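Participant: Sequence isn't available, so here's the structure alone:
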């Protein structure tokens, strides 16, 4: 129901600044989807058309590379995934696969963009999350680049 | 093209022009006879000349001639008639002459009309024929709307002129000359003066009209450009809106219209000035006759009778003269039009006619290498696209063309497909220049597909088979009547210089696709469609079409059986939450309230649920169960929530797409309606408001809209009302609804809905795809898969294929190229609209199938993802127009630094 979804959205940092009436509208404009365990929310390399807010259940974020698949993160309730492709038309950078029965709100690209345009606080909140993620990635990259310690 | 219109007309219609001239000359005889006859009737029988005595008789139709050698001879004595009989006889002859004149006129007009229409058909055909033979480069400068308007509108007057091109000047000139001669014979001086004035008139007026014609040409050009601009706006409407340039376009259109206006206004001024001068000349001549002729009469140098005769004769001069001048203007006018058309269509070098010659038999295979030597390509501006590339392509190779966009790989592929002609250098196959080869070989033995597909308006099937329609095949089953009809068409077509083969004959070359006939064509094409992953789309289109159970009896008979197996399969795989079956005794949560209430689909032609609901007998049912009140309350709540949600949202906002039951502009209406009805008792509310509010509740689907207002008791109430309604259904409503029946096919529902017999749970992720996959499997198991595909292939793709997505269009384009099983297959980033992953999958699939085939085609593929090049025998690597790598993928990856860079392979490995 819309009112439950609004409650969930309010708990998510990037939406916390949006007034409840607007959140209800957003929830109305979104699809509420159910995923089975093992089902993909989206697939790496595909063109992104939506972002997802996890309402219940858990999922793995998996990156596949030449050296095989690698789970880079696990996400659960209130997580937002897929917002990078939704914001700037790039192919999905990872696959998100449900690890339990999962319910999610699917926010299509244009709704998501419209929201960031209307609420600067949403935009800055998204920026904060992205920057945090980037700095984490940078640290990991630096660690990975370091020459292997000689045995 | 022949630049002079008159010469063009003469060269194509000489014989007909002479014939019509002859007929016109012959028609003059009864024409003048009819002139003379009234005088004879009045003078003879009516006034009584020759009938002075009461019972005098006169010979009728006596023929006497004075011949030079034989002397006076009487050929026919005539019949002796009395006065009344003569009157009747002469009147009858008059009537006969009128009839003969009429018939002559009828014949001449029809003949001239046909001549003109044939000419028009010839010119139009020739123009389009030339378009088909334009060099490919030329099309970059063409606007399709302008060409279309030339072929359609601008040559139109040429046809009308053709009939009069020679007949009219001959006729009018003859008349004018006769009159002039007559005047000269009467009086040499007056005759000379008249001739002088006519001479001046004939030389000045056309000169003045030249300006008119020049303006006419300008008008034609501006009008053509105008139509080009209008079509540009229509084609580019997206760019206009996204750049806020609608006012620029308005300004441009207004400016162009202003120009057209000033040209047309100028044209009017000149036209009427010419008219004025022309009239002046025509009136000056009588002035001279009166003034000077009168003077000569007064001083006795001229006989009065002569002057009267001259003046009377002159009366006949201006009108043919004016017509002659008009004809000349028409001639110049169409000549100018024709000239501008010629300019547009005189393009050099045209593709030689022999290249396009119709070839019926199978084309011989291309079994030798393609030799490319010093190939240099330039674009329109002269910039080099490809610089001195030489290589050889051996039959049976698979070659990847790799390079960044604009590196020359695409241009190379286009040159092999003859879409760009070499600036220097050559491409040859078996010693023959590629450009000299007939299209009947290159078009069938070389296949080409790029990322910019061209689809025709027609069905998917038409588009798929387009590449197989190279020549009409002999029709086996044609009856005599058809043959006669065809022959008649062919004769007329040849007379107008058109080709005489019919487009709706059987053109499909089944052998080229490896099939024996129409029946196993789909079977042969299926692997290709599967490789391209388009068979799924086509299957989906087939599923979403409504089927005629009479035509598709094999499918129709088994739908009910398929329903059962689908349900069984879903239950077995525990996916039955994806599909909520339609059950007469239960509420279907995935269907709208309206659907649940009616429990049926509207048969074609009826407008909306509301029409049924507001039907008096249905209202009765609703009222008796009290459901009207519940639905009203529900609709009221929906309206309140919706208005609250959307009150402040701009009508263009993307959120409105979600709002299926209310349009953006209806929000204020509902707001007013709510304040009107709030607090009122149900009975007091106007029927209009009530219906609009109930309509909202009918569209409501709980899992999609999620307002949480559909309660268990309400659902029970809805099901109860449904039962009540269906037990005692009035005939006129029964006609509007096709009731869901588990044992019967619903004609107005799609094939998919018929098989599902339920509603897919919208909130279950990918339920659509899952169920479609299962349905596909079931159809396969039942042996009906190809039947559904052939239904899907009947889907109309719309103008330019716009009803398909770009990805689907690209796949279809690729499938079309693969259908003809060519010797050389050239693909130029054919799947650029697809996800990289899918693109790669399809590429691998096609190359794999080609490797497994018996007669392996040579493949040249411009790849979007260079890594796929691994599966090709050889890689040609292009950079900035040069071929800088030629070898297998692994050789290049080892030794070619630029290639490694391009692939972003690490520059050196430890």
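Facilitator: Nice, I can see it. In this text, all values refer to a predicted model and were calculated from it rather than measured experimentally.

Participant: any idea which helix or strand carries residue B:720?
Facilitator: Assigned by DSSP states H and E, residue B:720 belongs to helix B:712-727.

Participant: domains for chain B, by residue range?
Facilitator: Residue ranges for the domains of chain B, per automatic domain parsing: B:5-345, B:370-455+B:804-903, B:589-739.

Participant: Give me whichever of these is most buried.
Facilitator: domain B:370-455+B:804-903 (a mean of 19; mean count of other CB atoms under 10 Å in any protein chain shown). All C-beta spots, glycine's among them, are computed from the backbone N, C-alpha and C.

Participant: and that one with chain A, contact?
Facilitator: Yes: judged by CB under 8 Å from any CB of the partner chain, domain B:370-455+B:804-903 and chain A are in contact via B:835-837.

Participant: what residues does chain A put near chain B?
Facilitator: A:1-3, A:5, A:21, A:24-29, A:31-36, A:39, A:41, A:43, A:45-47, A:91, A:108, A:110-111, A:114.

Participant: From the residues you listed, which land in helices?
Facilitator: A:2-3, A:5, A:21, A:24-29, A:110-111, A:114 (DSSP state H).

Participant: ranges for the helices of the stretch 51-200 of chain B?
Facilitator: B:83-133, B:144-149, B:156-164, B:167-186, B:188-235 (DSSP state H, counting those that start in this stretch).

Participant: Tell me which residue of chain A lies closest to chain B.
Facilitator: residue A:1 (4.0 Å; CB to the nearest CB).

Participant: mind showing which ranges of the chain have poor pLDDT?
Facilitator: Picking chain A for this. For chain A, the stretches with pLDDT under 70 are A:147-151.

Participant: wrong chain, I was asking about chain B
Facilitator: Low-confidence segments of chain B (pLDDT under 70): B:35, B:63-68, B:70-71, B:475-478, B:604-611, B:613, B:905-910.

Participant: Residue of it closest to chain A, please.
Facilitator: Counting by CB to the nearest CB, chain B gets nearest chain A through residue B:708, at 4.0 Å.

Participant: Now do the same for that residue: helix, strand or coil?
Facilitator: Under the three-state scheme (DSSP: H, G, I helix; E, B strand; the rest coil), residue B:708 adopts coil.

Participant: residue contacts, the closest residue to residue A:54 other than its chain neighbours?
Facilitator: Once flanking residues are discounted, residue A:54 sits nearest to residue A:79: 4.7 Å by CB to CB, 6 or more residues apart in numbering or on different chains. The neighbourhood of residue A:79, defined by CB atoms under 8 Å, 6 or more residues apart in numbering or on different chains, consists of A:53-54, A:59.

Participant: just residue B:303 next, same as before
Facilitator: Residues in contact with residue B:303 (CB under 8 Å, 6+ apart) are residue B:297.

Participant: now do residue B:323
Facilitator: The contact partners of residue B:323, by CB under 8 Å, 6+ apart, come to B:168, B:172.

Participant: Distance from the chain centre to whichever strand or helix holds it, please.
Facilitator: Using DSSP H and E, residue B:323 sits in helix B:318-345. Centroid displacement of helix B:318-345 relative to its chain, using CA atoms, centre = their mean, to the nearest Å, is 31 Å.

Participant: Within the sheet, what are the partner strands of the helix or strand following it, with directions?
Facilitator: For helix B:318-345, the succeeding helix or strand toward the C-terminus, using DSSP H and E, is strand B:370-378. For strand B:370-378, the paired strands and their directions (DSSP bridges) are strand B:384-393 (antiparallel), strand B:424-429 (antiparallel).

Participant: What count of nearby residues applies to residue B:481?
Facilitator: Using other CB atoms under 10 Å in any protein chain shown, the number of residues around residue B:481 comes to 8.

Participant: how would you label it: helix, strand or coil?
Facilitator: For residue B:481, the secondary-structure state derived from three-state DSSP is helix.

Participant: what residues are up against it?
Facilitator: With CB under 8 Å, 6+ apart, residue B:481 has no contacts at all.

Participant: repeat for the one 10 residues further on
Facilitator: For residue B:491, the contacting residues are residue B:500, taking CB under 8 Å, 6+ apart as the criterion.

Participant: Please identify the helix or strand for it.
Facilitator: Here residue B:491 is assigned to helix B:480-495, by DSSP H and E.

Participant: heading toward the C-terminus, what's the first helix or strand past that helix?
Facilitator: helix B:518-531.

Participant: right, and residue B:690 touches residue B:631 too?
Facilitator: No: Residue B:690 is beyond contact range of residue B:631, at 9.4 Å (criterion: CB atoms under 8 Å).

Participant: follow-up on the earlier one: which of the residues of domain B:370-455+B:804-903 next to chain A lies closest to residue B:880?
Facilitator: Distance to residue B:880 across the residues of domain B:370-455+B:804-903 next to chain A (CB to CB) is lowest for residue B:836, with 24.3 Å.

Participant: My read is that that closest one contacts residue A:44, right?
Facilitator: No: the criterion here is CB under 8 Å, and residue B:836 misses it with residue A:44 at 10.5 Å.

Participant: anything in contact with each of these two?
Facilitator: Common contacts of residue B:836 and residue A:44 (CB under 8 Å, 6+ apart): residue A:91.

Participant: residue ranges for the strands of chain A, please.
Facilitator: With DSSP state E as the criterion, chain A has strands at A:31-35, A:40-42, A:50-56, A:59-65, A:68-75, A:80-81, A:95-98, A:102-108.

Participant: what lines up beside the fifth one in the sheet?
Facilitator: Under the criterion DSSP bridges, strand A:68-75 sits next to strand A:59-65 (antiparallel) in its sheet.

Participant: what comes into contact with the partner strand?
Facilitator: A:41, A:44, A:69-76, A:79, A:81, A:93-99, A:102.

Participant: related to what we said a few turns ago, of the ones in helices among the residues of chain A next to chain B, which is the nearest to residue B:662?
Facilitator: residue A:28 (12.0 Å).

Participant: ok, the closest residue to residue B:453 other than its chain neighbours to residue B:830 distance?
Facilitator: Nearest residue to residue B:453, sequence neighbours excluded (CB to CB, 6+ apart): residue B:813, at 3.4 Å. According to CB to CB, to the nearest Å, residue B:813 stands 7 Å off from residue B:830.

Participant: any residues in contact with both of the two?
Facilitator: Common neighbours of residue B:813 and residue B:830 (CB under 8 Å, 6+ apart) are B:449-450.

Participant: tell me which element residue B:563 is part of?
Facilitator: Assessed by DSSP H and E, residue B:563 sits inside helix B:559-572.

Participant: Okay, now the sheet partners of the helix or strand just after that helix, with direction.
Facilitator: Note on helix B:559-572: by DSSP H and E, the next helix or strand toward the C-terminus is strand B:579-581. With DSSP bridges as the test, strand B:579-581 is paired with strand B:758-760 (antiparallel).

Participant: what sits up against the partner strand?
Facilitator: So strand B:758-760 is in contact with B:578-582, B:588, B:590-591, B:767-768, B:771, going by CB under 8 Å, 6+ apart.

Participant: are any of the residues of chain A next to chain B buried, and which?
Facilitator: A:2, A:5, A:24-29, A:31-36, A:39, A:41, A:43, A:45-46, A:108, A:110-111, A:114 (16 or more other CB atoms under 10 Å in any protein chain shown).

Participant: OK, contacts around the nearest residue to residue B:749 once chain neighbours are set aside?
Facilitator: What sits nearest to residue B:749 in space, not counting adjacent residues and going by CB to CB, 6+ apart, is residue B:601, at 5.0 Å. The contact partners of residue B:601, taken as CB under 8 Å, 6+ apart, are B:737-738, B:740, B:746, B:748-749, B:753.

Participant: Top of those residues by number of neighbours, please.
Facilitator: Top of the contacts of residue B:601 by neighbour count (other CB under 10 Å): residue B:740, with 22 neighbours.

Participant: Many thanks, have a good one.
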